[in-house]
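# make a model of this:
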Amino acid sequence: MSEQYDVIVVGAGPAGSTAARFAASKKARTLLLEKHPVIGYPLCCAEAISVSGLSQVVKPDPKWIASRIEKVRLFGPGGSRAVISHPNAGFVLERKIFDRSLAEMAARAGADVLVGIDVTDLITKHDGRVIGVAGAGNGRKLEFYARTIIAADGVESQIALKAGLPTLLKPGQLHSAYQYLLSDLDIETETIEFHIGTDIAPGGYIWIFPKEPGLANVGLGICPSKSPRKKAIEYLDEFVARRFSRPKILERMTGAVPSYMPRLPLYKDNILLAGDAGRVVDSLTGAGIANALLSGKLAGETAAVMAQNGAGGQAYAEAFYKIKQKELKFYYHCREVFLKMTNDDFASVLEFTQDILGDRNVTAINPFEVIKKILLAHPRLLKIGRHLLF
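Residues are numbered from 1 along each chain as shown. Below you'll find the model as predicted:
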């Protein structure tokens, strides 16, 4: 089986479906390929996103939203804590519904959508130019041809690998994550929790993201190099046993969370990288949905232009980094500071955060200014994070 398209998008997560939608809306003949038989399954996400991160690309639909985020509770070593009230800060999504809706939008815009197609290789001409993708589905070998390919196939992107793009992550650039969907919990529905400390989540943190009364995503990410003898699930099980009396596990999820790679190009010839495949992730928190949506939108729009006039992918990288490069680099360096922090540092930071943000409603947070204030207030952190101030 072979087909000719203007744009092929590999991966129907938020980045891929958004890319397909915007490419198709620009009149490019577009194909969206997903390796799993059902879009949105299996879930590999904590499902939280800021209001601005979602709204900048797509109008929020109530059916996607499990709960709203109005407050953040931070817990650290030695009983340290901070509470930030931030009305209308964000959402906890129903990703299974959300992802499917994004794919439906792509289809309504004119994209063809095929599921159960495992793309494993690129098709090239004798001069090395990529002209399509190859894979399999329903027991058959398949080939699809296009002028432009968008790799939105996640952290383990086969397209980026086959294209020779340097996406290989070093051990310290990857977080190991594990998550439960738990019921029968004593939680505040519109309040998310973060728990930090070198003893409970080395190099990372624990999250509780409520979805409805008594139901929440409870997960953890750690830096494996900070805990060579203990797995993420062990830390999570210990926390769940301490935090909740009789929780019930409804789902389990495991995965890897990449960090941003400052020197990774987002394109090579007629191949564009979007979402986790392009490592456009907040390195400090691991958040990736908002950047996936934005990168997908810009990649789709650029791919349509490339298909029409043969332009290169540089315009996509420039458009994305004009908006996001400063932020991505800042959080990348923040993560380097975070990995060097001690429990005493964490306790001090939470106390300072409570002083400057607690006990009042916050309508907007400038993370650059907050983090700089924290660094300036703590001499040891200033020493290891001084490059963040300039």
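# which non-adjacent residue is nearest residue 134?
Nearest non-adjacent residue to residue 134, counting by CB to CB, 6 or more residues apart in numbering: residue 121, 4.5 Å away. Quick note: C-beta positions are derived from backbone N, CA and C, even for glycine.
# correct me if wrong, but that neighbour is in a helix.
No - counting by DSSP: H, G, I helix; E, B strand; the rest coil, residue 121 falls outside a helix, being strand.
# residues contacting it?
133-135, 158, 162 (CB atoms under 8 Å, 6 or more residues apart in numbering).
# do residue 160 as well
So residue 160 contacts 151, 153, 167, 271, 273, 277-278 (CB under 8 Å, 6+ apart).
# could you rerun that using 6 Å?
Shown in contact with residue 160 (CB atoms under 6 Å, 6 or more residues apart in numbering): 151, 167, 273, 277.
# show me what the helix ranked longest in the chain is packed against.
Longest helix in the chain by number of residues (criterion: DSSP state H): helix 314-340. With contacts taken as 3 or more CB pairs under 6 Å, 6 or more residues apart in numbering; DSSP states H and E, helix 314-340 sits against helix 289-309, helix 379-385.
# now the first one: average pLDDT?
It stands for helix 289-309. Averaging pLDDT along helix 289-309 gives 96.
# and that helix, which residues are buried?
By 16 or more other CB atoms under 10 Å, the buried positions in helix 289-309 come out as 289-307.
# could you check how far that helix is from the centre of its chain?
17 Å (CA atoms, centre = their mean, to the nearest Å).
# in the stretch 51-200 of the chain, which spans are helices?
Secondary structure of the stretch 51-200 of the chain (DSSP state H, counting those that start in this stretch): helices located at 51-55, 95-109, 158-163.
# can you point out the buried residues in the first one?
Which is helix 51-55. In helix 51-55, counting by 16+ other CB under 10 Å, buried: 51, 53-54.
# ok, now stretch 216-228?
By 16+ other CB under 10 Å, the buried positions in stretch 216-228 come out as 216-224, 227.
# burial check on the nearest residue to residue 165 once chain neighbours are set aside, number of neighbours?
Distances taken as CB to CB, 6+ apart put residue 268 closest to residue 165, at 5.5 Å, once the chain neighbours are dropped. Residue 268 sits with 18 neighbouring residues when counted by other CB atoms under 10 Å.
# and the gap between residue 268 and residue 300?
17 Å (CB to CB, to the nearest Å).
# for residue 64, same thing?
The gap separating residue 64 from residue 300 is 20 Å, by CB to CB.
# how about residue 362?
Per CB to CB, residue 362 is found 34 Å from residue 300.
# quick one: low-confidence parts of the stretch 1-150 of the chain?
Across the stretch 1-150 of the chain, residues meeting the criterion (pLDDT under 70) sit at 1-2.
# how about the strands in it?
Applying DSSP state E, counting those that start in this stretch to the stretch 1-150 of the chain gives strands spanning 2-10, 30-34, 48-50, 65-75, 81-93, 112-115, 118-124, 130-137, 140-151.
# point out the most buried one among the ones you listed.
Among these, ranked by average contacts under mean count of other CB atoms under 10 Å, first place goes to strand 30-34 (a mean of 28).
# strands paired with that strand, and their directions?
Taking DSSP bridges as the criterion, strand 30-34 forms sheet pairs with strand 2-10 (parallel), strand 112-115 (parallel).
# could you point out which element follows the longest helix of the chain?
Next helix or strand after helix 314-340 toward the C-terminus (DSSP states H and E): helix 343-357.
# right, and the helix or strand after that following helix?
Using DSSP H and E, the helix or strand that follows helix 343-357 in sequence is helix 367-377.
# which residues are in contact with stretch 357-374?
Contacts for stretch 357-374 (CB under 6 Å, 6+ apart): 82-86, 349, 352, 389.
# gap between the two ends of that stretch?
Stretch 357-374 stretches 12 Å from its first residue to its last (CA to CA, to the nearest Å).
# chain center to it: distance?
Counting by CA atoms, centre = their mean, stretch 357-374 is centred 23 Å from the centre of its parent chain.
# can you check stretch 315-332 too?
Distance of stretch 315-332 from the chain centroid (CA atoms, centre = their mean) equals 15 Å.
# what's the closest non-adjacent residue to the residue nearest the centre of the chain?
Nearest to the centroid of the C-alpha atoms of the chain, with distances taken as CA atoms, centre = their mean, sits residue 288, at 1.8 Å. With CB to CB, 6+ apart as the criterion, residue 288 has its nearest non-adjacent residue at 4.5 Å, and that residue is residue 281.
# what do you get for residue 343?
residue 77 is the one closest to residue 343 (CB to CB, 6+ apart), at 3.8 Å.
# who's in contact with that neighbour?
Counted by CB under 6 Å, 6+ apart, residue 77 has contacts 197, 343, 346-347.
# distance to residue 104 and neighbour count for the residues you listed - can I get that in a markdown table?
Shown next, in a markdown table, are those (distance: CB to CB, whole Å; neighbours: other CB atoms under 10 Å):
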| residue | distance to residue 104 | neighbour count |
| --- | --- | --- |
| 197 | 42 | 19 |
| 343 | 47 | 16 |
| 346 | 43 | 21 |
| 347 | 47 | 18 |
